[in-house]
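A structural model of the following input is requested.
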Amino acid sequence: MSAKINRRKFIGNSAAAVAAFTIIPRHVLGGNGFIAANDRINLGYIGVGKQALGLLEDIGKCKETTVLAACDVDQKKLGRFKAAAEANNKAKNISGSVDAYKYYRELLQRKDIDAVVIATPDHWHAQMAVDAAKAGKDIYCEKPLALTIAEGRAMVNATRKYDRIFQTGNMQRSWRDFRHAVELVRNGYIGEIKEINVHVGEPVKQCSLPEMEPPAELDWNEWVGPSLYRGWHPELAPKIDDDNWAWWRGYRDFGGGLVTDWGAHMFDIAQWGLDMDESGPVLFLPPSVPSTLGLSMKYGNGVVVNHKDWGEFNAVQFIGTEGRIEVSREFLRTFPDKDLANAELKPTDKRVYFSDNHYQDWIDAMKKRTKPVSDVETGHRTASVCNIVNIAYQLQRPLQWNPVTEEFIHDDYANMMRTRAFRGKWVFTNY
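Predicted structure coming up:
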């Protein structure tokens, strides 16, 4: 299936000139960590709320990076980020202001910006990423990659067409414990994998929050963007003095519930362990009565993955014929051989892609023009699993999935749910 996002023309230069743009690696000049201006990777941030501040700190530690611009439809959050980004630049002895934009397409027109960091709510990811690829920018996009299956495929297609480097924010792939767990699984240390249990929270639900008058600093219509319109509520987009995480992620049209928010991390580890980064399950079996847990999915190799409470939250349990492995951000446990958690692999063992810094991995991939540890296809496949889980919970019937064609088998309505309606000027069509 191929798809694209069709919109107003916004880039003045030719497609050929845009597609030809690359970052050419150069030698670092001078000493004491000095990076020549032409060796820097110039960044623009799109969406500068709470998550973006964390990314600014993490990506800012990569010595090659400079922030040139930022964009948001909340002017107070934009001002806060601008000040933080300028301080980050100053710590690297980089002078000058960070330009602030309300409309992200104005930022994308900047020819001096090499790459963008997209940290908006999920419903904006695809539109912005496809536009960025067309504008010749490399991309870091937060997880879950896309709100729908079709939008994820559009992001992959645009990345490949315009030869961009795309890192998805599944940063657990750059953490030692998750990588070690996956390598133990793939090398048969607990025998043949039969079952995987993943405990993350509830599926997406319809938003029933009361509608309120948005704050003056927020352009709510632009925040909603391509999604079907509904009024503002502080739970969806908190004001700058509210330190709570925004809960747009829990509601249909904006996010996918905890199934996508944390599932994008934990189902991703299951996918990685099964070596399914370019594939997925073939059968989804939701509970026959309304529930927020209890779905099972089956892969073509017979492995069953359960969305269930197995005793630990936001964690993954691999069950093999000779033992089990349990992993989360807090622990890595192996049974019956508890020493496996800290064991060195044998020289003959198969290894997965090594990265110990998710952000530097993206920077290095841009310089080398190679795929990063969580390439756009990987992010799309994991997001697709999460999105299908939500569809199955909603429809409450078994769904057969073809991971090659990315279509449901003999279920026209489920196939329609691979995409969504776009409103107004935002039109999603076939590529």
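
can you tell me how far the residue lying closest to Ala135 once chain neighbours are set aside sits from Thr260?
Spatially, and ignoring its direct neighbours in sequence, Ala135 is nearest to Leu108 (4.2 Å; CB to CB, 6 or more residues apart in numbering). Placement of C-beta: from N, CA and C, glycine included. Using CB to CB, to the nearest Å, Leu108 is found at 26 Å from Thr260.

what's stretch 45-57 in contact with?
67, 69-72, 74, 77-78, 80-81, 84-85, 88, 104, 107, 116-121, 124, 128, 132, 140, 142, 169, 243, 245-246, 359 (CB atoms under 8 Å, 6 or more residues apart in numbering).

Inside helices: which ones of the residues you listed?
Taking DSSP state H, the ones among the contacts of stretch 45-57 that sit in helices are Lys77, Leu78, Arg80, Phe81, Ala84, Ala85, Asn88, Tyr104, Leu107, Met128, Ala132, Tyr359.

On the pLDDT front, check the closest residue in space to the last one that isn't next to it in sequence for me.
Of all residues not flanking Tyr359 in the chain, Ile59 sits nearest, at 4.6 Å (CB to CB, 6+ apart). In the predicted model, Ile59 carries a pLDDT score of 98.

pretty sure Ile59 is in a helix, no?
Yes. Assessed by DSSP: H, G, I helix; E, B strand; the rest coil, Ile59 belongs to a helix.

sorry, back to before: surely the residue nearest to Ala135 touches Asp131?
Yes. Using CB atoms under 8 Å, Leu108 is in contact with Asp131, at 6.0 Å.

Once you drop chain neighbours, what's closest to Val198?
The shortest distance from Val198 to any non-neighbouring residue, by CB to CB, 6+ apart, is to Met266 (4.9 Å).

Where does that neighbour fall, secondary structure wise?
Assigned by DSSP states H and E, Met266 belongs to helix 263-273.

got any ranges where the chain has weak pLDDT?
1-37, 428-431 (pLDDT under 70).

where do the helices sit along it?
For the chain, the helices defined by DSSP H occupy 15-19, 50-60, 75-91, 104-108, 125-134, 149-161, 176-186, 220-224, 257-261, 263-273, 358-368, 376-395, 412-416.

and the residue lying closest to Ile269 once chain neighbours are set aside, how far is that from Lys350?
Nearest non-adjacent residue to Ile269, counting by CB to CB, 6+ apart: Val316, 5.0 Å away. Going from Val316 to Lys350 by CB to CB gives 19 Å.

how close does the residue nearest to Ala135 get to Lys308?
Distance of Leu108 to Lys308, given as CB to CB: 42 Å.

wait, doesn't Ala383 sit right on Cys141?
No. If you go by CB under 8 Å, Ala383 and Cys141 don't touch, sitting 10.4 Å apart.
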